[in-house]
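# My questions are about this predicted structure, shown below with the sequence.
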Amino acid sequence: MQARRAIGVLTGLKEELGRGGVLGLITVPGVVPPHRCLGVAQPCAEVAVLRADGIPAAVGEVGLLGVKGLTVTPGYWNESGRTYRRLLNGYWFSGGLVFRDRADRFYHVDRAVDAMHTAAGTVSSVLTEEILRARLPEPDDCVVVASEQDGRGSPRCCSGLPP
């Protein structure tokens with residue numbers, strides 16, 4: 001155990017996203033990594049932030065996390081339609097919303113299924129909940145959901161705070 005601890009202090013500890021290890025981040029004791037940072041693409045995979053049409057997103061732009069490589073699943077067994085819906089411009093869509101910074105580090109924003117689309121733009125439930133918990137004195141936890149108003153299908157954001 002002592003040898004592992006010493007190696008960790010000298011070289012850092014490598015954390016990876018997912019079983020395929022397509023994104024990795026080396027952490028060093030005493031150094032806090034950037035908030036929500038998943039790390040950088042590993043040599044075993046090609047990782048991209050994609051717009052809904054499959055075009056690569058710009059640096060800093062939130063998009064869909066797409067991965068290619070030998071460690072990525074070829075698809076769902078006997079469900080070609082479901083597999084097809086998970087492919088975007090040749091990339092496997094992981095289900096995550098991310099952005100990439102100028103240093104090619106990837107940051108998690110939300111799960112695509114949890115993002116709320118409004119007339120003003122997309123709202124991240126995860127980030128909104130983090131902001132509420134950090135800035136409001138009372139809640140230990142909260143939840144942000146979307147609901148339709150007047151059956152028009154226009155989502156509204158609301159927060160539920162425990163009593």
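Good, I have the coordinates.
# And the residue nearest to residue 107 when sequence neighbours are not counted, its phi and psi?
Counting by C-beta to C-beta, 6 or more residues apart in numbering, the nearest residue to residue 107 once its immediate chain neighbours are dropped is residue 36, at 4.9 Å. C-beta: built from backbone N, CA, C; applies to glycine. Residue 36 has phi and psi values of phi 70, psi 10 when expressed as degrees, to the nearest 10.
# what does residue 60 give?
phi 90, psi -10.
# what helices or strands is the single longest strand found in the chain leaning on?
With secondary structure taken from DSSP state E, the chain has its longest strand at strand 91-100. Here strand 91-100 touches strand 45-50, strand 63-69, strand 105-111, going by 3 or more C-beta pairs under 8 Å, 6 or more residues apart in numbering; DSSP states H and E.
# Check which residues of the first one are buried.
It refers to strand 45-50. Under the neighbour-count criterion of 16 or more other C-beta atoms under 10 Å, strand 45-50 has 45, 47-50 buried.
# domain ranges for the protein?
Structurally, the chain divides into domains by automatic domain parsing as follows: 2-112, 115-163.
# Burial-wise, tell me which of those domains comes out on top.
Across the domains of the chain, the average number of neighbours (mean count of other C-beta atoms under 10 Å) peaks for domain 2-112, which reaches a mean of 15.
# so how far is residue 98 from the residue nearest the centre of the chain?
Among the residues of the chain, the one closest to the centroid is residue 108, at 3.0 Å (C-alpha atoms, centre = their mean). Per C-beta to C-beta, to the nearest Å, residue 108 is found 6 Å from residue 98.
# next one: residue 34
13 Å.
# which residues in this structure form strands?
Counting by DSSP E, the strands of the chain are 13-17, 23-27, 37-41, 45-50, 63-69, 87-88, 91-100, 105-111, 116-118, 121-123, 143-148, 155-160.
# could those go into TSV alongside distance to residue 81 and mean pLDDT?
Listed next are the strands of the chain as TSV, based on distance: least, C-beta to C-beta, whole Å; pLDDT from 0 to 100:
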stretch	distance to residue 81	mean pLDDT
strand 13-17	27	44
strand 23-27	28	77
strand 37-41	29	87
strand 45-50	20	92
strand 63-69	19	90
strand 87-88	11	86
strand 91-100	14	90
strand 105-111	21	91
strand 116-118	24	79
strand 121-123	26	80
strand 143-148	27	73
strand 155-160	27	57
